[in-house]
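Asks: the sequence and its predicted three-dimensional model are supplied below.
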Amino acid sequence: NAGVTQTPKFQVLKTGQSMTLQCAQDMNHNSMYWYRQDPGMGLRLIYYSASEGTTDKGEVPNGYNVSRLNKREFSLRLESAAPSQTSVYFCASSEAANNQPQHFGDGTRLSIL
Amino acid sequence: RKEVEQDPGPFNVPEGATVAFNCTYSNSASQSFFWYRQDCRKEPKLLMSVYSSGNEDGRFTAQLNRASQYISLLIRDSKLSDSATYLCVVNGRYSSASKIIFGSGTRLSIRP
């Protein structure tokens, strides 16, 4: 039972490079989310997709783009990586956007040099 | 004031002790509440939802106090394996997903 799968698990980039973080869920959930977690800051929502075909900004969207490729997949793209984007990134999904608990992938640890 | 606040801890208690911590929230219209646990360098995992009447799951009890706008988590007969960071999550009524707010977490360490 895979749940939420994120790739890659680790990545080191140079400033200015681009990359896409992949996320897929097999729970038939409608809503998907991208968070970043920094020490002492807690989880902060970057973007979310309430349902297939929709995406919306969260608390910290600057420097990121997302694509809800289909119901299963939600990708996060860094067009020009900056050191401030060094963080742990979590993808999550839930049955619906409101009032439902979220299930998380095991994270991508991203370092920008 | 932060929308969701937690005492960061760490709480350091002996095995077998009872420990409780609270999470306060500022949006009085909040409708959904959850507790997650997060182990070091791991993803958050749902521990339990918090219902208006309070609810229990084994050694864990969650309560909601709407008047004072906080939720609580009580752990009885604590085990070494309970050592983790506990995150509270609050979601506003009829809100979009952007109003799902995670607390920064309370660190709990259980000593033998």
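Replies: Thanks, I have it.
Asks: helices of chain A, start to end?
Replies: Ranges of helices in chain A, per DSSP state H: none exist.
Asks: quick one: stretch B:29-47 near chain A?
Replies: Yes - against chain A, stretch B:29-47 shows contacts by CB under 8 Å from any CB of the partner chain at B:31-32, B:34, B:42-46. C-beta: built from backbone N, CA, C; applies to glycine.
Asks: with secondary structure and pLDDT as added columns, please give these in JSON lines.
Replies: Shown next, in JSON lines, are the residues of stretch B:29-47 next to chain A (DSSP: H, G, I helix; E, B strand; the rest coil; pLDDT from 0 to 100):
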{"residue": "B:31", "secondary structure": "strand", "pLDDT": "85"}
{"residue": "B:32", "secondary structure": "strand", "pLDDT": "89"}
{"residue": "B:34", "secondary structure": "strand", "pLDDT": "95"}
{"residue": "B:42", "secondary structure": "coil", "pLDDT": "93"}
{"residue": "B:43", "secondary structure": "coil", "pLDDT": "95"}
{"residue": "B:44", "secondary structure": "strand", "pLDDT": "96"}
{"residue": "B:45", "secondary structure": "strand", "pLDDT": "96"}
{"residue": "B:46", "secondary structure": "strand", "pLDDT": "95"}
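Asks: how long is stretch B:80-87 end to end?
Replies: 18 Å (CA to CA, to the nearest Å).
Asks: any low-confidence regions in chain B?
Replies: Applying pLDDT under 70 to chain B flags residues B:1, B:93-98.
Asks: bridged to the residue nearest the centre of chain A, which residues?
Replies: Nearest to the geometric centre of chain A sits residue A:34, at 2.8 Å (CA atoms, centre = their mean). Under DSSP bridges, the beta-bridge partners of residue A:34 are residue A:47, residue A:91.
Asks: and residue B:81, helix, strand or coil?
Replies: helix (DSSP: H, G, I helix; E, B strand; the rest coil).
Asks: how far away is it from chain A?
Replies: For residue B:81, the distance to chain A equals 19 Å [CB to the nearest CB, to the nearest Å].
Asks: so what's that residue closest to, chain neighbours aside?
Replies: Residue nearest to residue B:81 in three dimensions, not counting chain neighbours: residue B:110, with 7.9 Å by CB to CB, 6 or more residues apart in numbering or on different chains.
Asks: for stretch A:54-63, buried residues please.
Replies: Going by neighbour count (16 or more other CB atoms under 10 Å in any protein chain shown), the buried part of stretch A:54-63 is A:55, A:58, A:60-61.
Asks: could I get the full set of strands for chain A?
Replies: Taking DSSP state E as the test, the strands found in chain A are A:4-7, A:10-13, A:19-25, A:31-38, A:42-49, A:56-57, A:64-68, A:74-78, A:87-94, A:103-104, A:108-112.
Asks: would you turn those strands into CSV with mean pLDDT?
Replies: Output for these, formatted as CSV (pLDDT from 0 to 100):
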stretch, mean pLDDT
strand A:4-7, 97
strand A:10-13, 96
strand A:19-25, 97
strand A:31-38, 95
strand A:42-49, 92
strand A:56-57, 92
strand A:64-68, 97
strand A:74-78, 98
strand A:87-94, 96
strand A:103-104, 96
strand A:108-112, 96
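Asks: so for residue B:17, which of those sits nearest?
Replies: strand A:42-49 (26.0 Å; CB to CB).
Asks: I'd like to know which elements the closest one is packed against.
Replies: Applying 3 or more CB pairs under 8 Å, 6 or more residues apart in numbering or on different chains; DSSP states H and E, we find strand A:42-49 packed against strand A:31-38, strand A:56-57, strand A:64-68, strand A:74-78, strand B:100-102.
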